[in-house]
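**Student:** with the input below, show me the fold.
(one chain, ligands or ions: 2)
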Amino acid sequence: MALRLADRLDTLPGIGPARARGLEKLGLVTVEDLLRCYPRSYEDRRKFSTVAAAPVDIPVCLELLVAEPPRLSRIRKGLELVKARLVDDTGSLTATFFNQTYMKDALRPGETYIVYGKVEGPPGRRQMTNPVCERSDRVRFTGCILPVYALTHGISNNLLAGLARRCVDECAGQLEEVLPGPLRREHALAAAEFACRSIHFPRDEEALELARRRLIFEELFYLTCGMALLRTRRDEAAGVPFAIPPVEEFLALLPFPLTGAQRRVMDEMAADVSAGPPMNRLVQGDVGSGKTMVAAYGAWLAAKNGRQCALMAPTELLAEQHFRSLAPLLEQAGLRVGLLTGAVKGKARKELLAALAAGELDLLIGTHALLSEGVDYADLGLVITDEQHRFGVAQRAALSAKARQPPHVLVLSATPIPRTLSLVIYGDLDVSVIDELPPGRTPVQTFVVGEDKRQRMYGFVRKLVGEGRQAYIVCPAVEEGEDEGAGLKAATTYAQGLQTEVFPDLRVGLVHGKMKPREKDAVMTAFAGGELDVLVSTTVIEVGVDVPNAALMVVENADRFGLSQLHQLRGRVGRGKHQSYCVLVTSTRNPDSRARLKVLTKTTDGFQIAEEDLKLRGPGDFFGQRQHGLPQLRIADLAGDMRVLKEAQLAAQELLERDPGLKRPEHAPLLKQIHRLFEQHGDMFN
Ligand code: ADP
Ligand code: MG
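**Tutor:** Numbers count the residues shown, from 1 in each chain. Ligands and ions are numbered 1, 2, ... in the order given. Got it, this is the predicted structure:
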């Protein structure tokens, strides 16, 4: 019987229960799953060479004869190796196989094999380590570009490639063409079947490039369409409009006049919440630009309309900080403000939740705890999330789900994101930018220094502490080539060394990501309270902590960080009236890395820095792992595939203008794929 897309892989020959479980671990249950599981890389098994002519360091195929029986030796327990002498007309080499004892019998003396791998060593002592061998009369993957897949225990690449070969041959033609014909022609996109065949088994580089382009475009197209659909759905939802009282009443509560940018963003927000559909707005503003006041205005508007507001922050510390600054401010206007974190327990928690459910609270500030079960609002009208990049689309949706009608949503973010990207990531939101800092800030002076200036840097720390200031010293959490544990130990030993050898007379504290939230907050609170002079930390302080007396930020191994991340770190100082400094310590001699860091000495514009970052670091690095909370992409890289992204965005826009809800029958397959991409976020579309 012919194989179909929906057939289970465990019905194929050679796939028993154990292998089926392995495949399932990789997310592969059906033939279609396998077709949509794209190779991580490829091995070019088309290039042949000889023992004498083989280039060093580039893998090649060699046709070699096994000259004598392979020898097995046991180096120590758990390490066995097989050595074989292989020859061709031009010379001989030694192949070594680690922990592949079966190679002793698999390689038969006198037989010829196609051996693929890197040849190392000088002529006369040429060798290969763990090469791949196929008997020359039974080659399966020689002469082609072989796909290399992500693997798991018990599933070898040969097994997957073999399965893929069969599934692609028999089923690639059954894949539905999802992209409309005119769109494919306009953007020169390969057909679905060709793309599937060529992404797994490309005929040549050109075919692979065509396939990749089509698949990347396709994925980004689904993503953009999906975000746009989410947005349309919200725009069509019936919100509960707020009435807007005179803004002067709110301004009278504040200790300082607002900046023009803050006022503009507040006006944009007021226009949103007073219109029909619920607000969905992102407020982007550099660290220190005063986003909290915009949030306060939102909470005030909600309360004036008799509705409740929830403000969610990513850490307990930040939630408490918001509570401390907002509660006194808003209580002047009669708002009742509560704080809910994991630390609020027992009777206090019960009373707080009862007040919330009874409508006796106007603003509840908290952490993820706001999402937990049992947190019920009497009438939630506005949801605000702070430092959005720590939350995802899904959490935003979960909080909104606690409202009876779709609430207004306000998202605050300090992460400056280049425009093209923000269109995708926040494609479902309107964007406001606070592009002005409150007056009277002196820009942080930034320096890049090498190891030779270390003692001077320590001297500078001591001088500022002598003047009553405090300092942060940030170490990278994970060091290259070491696991996370080792990296953390580096921060720990660093802090110890600093305390015992460099600053025995100063109070040195340590905070890192592996500490319990409670411990972390205790240290941060001590630092904020002036009980520590120097705080050694990993990047956990990155998010929004406000310690106005801290005037120095030192970053060790600064070259390990992205520019945007360094900019965020730098934003931790310069929050008070004191001249502040940022010292980036690096031992790199790489001129490019140095030039990159120098960007920070020249500008404090977060958006410009983000653009630089993207340009200089290139693909992949812009976001931490999935911090954006978007669906997981299979092949596209948001930062790396910018050109295709722009194209896909335009195409999505055009299509959605013609068929806003993708309701036409010919777009049904497209809609299905979009839902599939967003599936992991639950029923966002239902
Ligand atoms: P962020 O945008 O990083 O969240 P905050 O809202 O925490 O910034 O504001 C940073 C600091 O600036 C706070 O101490 C806040 O009170 C102060 N601030 C905010 N707006 C103004 C303003 N218009 N004038 C003076 N100070 C302000
Ligand atoms: Mg903030």
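
**Student:** give me the pLDDT value at the closest residue in space to residue 129 that isn't next to it in sequence.
**Tutor:** Once flanking residues are discounted, residue 129 sits nearest to residue 96: 5.3 Å by C-beta to C-beta, 6 or more residues apart in numbering. Placement of C-beta: from N, CA and C, glycine included. Note for residue 96: predicted pLDDT of 95.

**Student:** are we agreed that residue 96 is in a strand?
**Tutor:** Yes - checked against DSSP: H, G, I helix; E, B strand; the rest coil, residue 96 lies within a strand.

**Student:** give the contact list for it.
**Tutor:** The neighbours of residue 96, taking C-beta atoms under 8 Å, 6 or more residues apart in numbering as the test, are 81, 82, 83, 127, 128, 129, 130.

**Student:** OK, contacts around the third one?
**Tutor:** Looking back up the chat, that one is residue 83. Per C-beta under 8 Å, 6+ apart, neighbours of residue 83: 70, 71, 73, 94, 95, 96, 97.

**Student:** buried among the residues you listed? Make that a PyMOL selection.
**Tutor:** Buried subset of those, written as a PyMOL selection, criterion 16 or more other C-beta atoms under 10 Å:
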select buried, resi 70+95+97
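
**Student:** okay, now the unreliable bits of the chain?
**Tutor:** Residue ranges of the chain with pLDDT under 70: 1, 388-397, 415-420, 477-489, 540-545, 614-631, 639-640, 680-686.

**Student:** and it, which residues reach ligand 1?
**Tutor:** 256, 258-259, 262, 285, 287-293, 414, 438, 544, 546 (C-beta under 6 Å from any ligand atom).

**Student:** for the biggest strand by length in the chain, which positions count as buried?
**Tutor:** Ordering each strand of the chain by length in residues (DSSP state E) puts strand 79-88 first. Buried residues in strand 79-88, defined by neighbour count with 16+ other C-beta under 10 Å: 80, 81, 82, 84, 85, 86, 88.

**Student:** list the contacts for the second one?
**Tutor:** Under the criterion of C-beta under 8 Å, 6+ apart, the neighbours of residue 81 are 72, 73, 75, 96, 97, 98, 99.

**Student:** which of those lies closest to residue 584?
**Tutor:** Nearest to residue 584 among the contacts of residue 81, counting by C-beta to C-beta, is residue 98 at 42.1 Å.

**Student:** count of residues packed around that closest one?
**Tutor:** Residue 98 is flanked by 13 other residues according to other C-beta atoms under 10 Å.

**Student:** so what sits opposite it in the bridge?
**Tutor:** Legend: beta-bridge partners of residue 98 under DSSP bridges are residue 81.

**Student:** verify the stated contact: it with residue 79.
**Tutor:** Yes - taking contacts as C-beta atoms under 8 Å, residue 98 lies within contact range of residue 79: 7.1 Å.

**Student:** show me how far stretch 110-129 is from its chain's centre.
**Tutor:** Its chain's C-alpha centre and that of stretch 110-129 lie 41 Å apart, by C-alpha atoms, centre = their mean, to the nearest Å.

**Student:** and that stretch, which residues are buried?
**Tutor:** Using 16+ other C-beta under 10 Å as the test for burial, stretch 110-129 gives 113, 114, 115, 116, 117, 118, 119, 126, 128.

**Student:** from what I can see residue 258 touches residue 293, true?
**Tutor:** Yes - counting by C-beta under 8 Å, residue 293 is a contact partner of residue 258 at 6.3 Å.

**Student:** and those two? which has more neighbours close in?
**Tutor:** residue 293 (24 against 19).

**Student:** pretty sure the more buried one sits in a strand.
**Tutor:** No - using three-state DSSP, the assignment for residue 293 is helix, not a strand.

**Student:** residues contacting it?
**Tutor:** With C-beta under 8 Å, 6+ apart, residue 293 has these contacts: 254, 258, 262.

**Student:** and of these, the nearest to ligand 1?
**Tutor:** Distances from ligand 1 to those, taken as C-beta to the nearest ligand atom, are shortest for residue 258 (4.6 Å).

**Student:** ok, that closest one - contacts?
**Tutor:** 251, 266, 290, 293.

**Student:** pull out the buried members of the residues you listed.
**Tutor:** 266, 290, 293.

**Student:** helix or strand: which one has the first one?
**Tutor:** The reference is to residue 266. Using DSSP states H and E, residue 266 sits within helix 260-274.

**Student:** neighbouring strands - and their directions - for the very next helix or strand once past that helix?
**Tutor:** Of the helices and strands lying after helix 260-274 in sequence (DSSP H and E), the nearest is strand 280-285. Using DSSP bridges, strand 280-285 pairs in its sheet with strand 408-413 (parallel), strand 430-434 (parallel).

**Student:** and the contacts of strand 280-285?
**Tutor:** 231, 234, 261, 265, 268-269, 272, 291, 294, 388, 408-417, 422, 426, 428-435.

**Student:** and that strand with helix 260-274, angle?
**Tutor:** Relative orientation of strand 280-285 and helix 260-274, computed by axes from the mean of the first three to the mean of the last three C-alpha atoms, to 10 degrees: 170 degrees.

**Student:** got the CA coordinates for strand 280-285 in CSV?
**Tutor:** The C-alpha trace of strand 280-285 is given here as CSV (Å, rounded to 0.1, in the frame of the first residue of the first chain):
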residue,chain,number,x,y,z
ASN,A,280,-3.9,46.7,22.9
ARG,A,281,-1.0,49.0,23.3
LEU,A,282,2.7,48.5,23.8
VAL,A,283,4.7,51.4,25.4
GLN,A,284,8.3,51.1,24.5
GLY,A,285,10.6,53.4,26.4
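
**Student:** tell me how far it lies from the chain's centre.
**Tutor:** 20 Å.

**Student:** perfect, that will be all.
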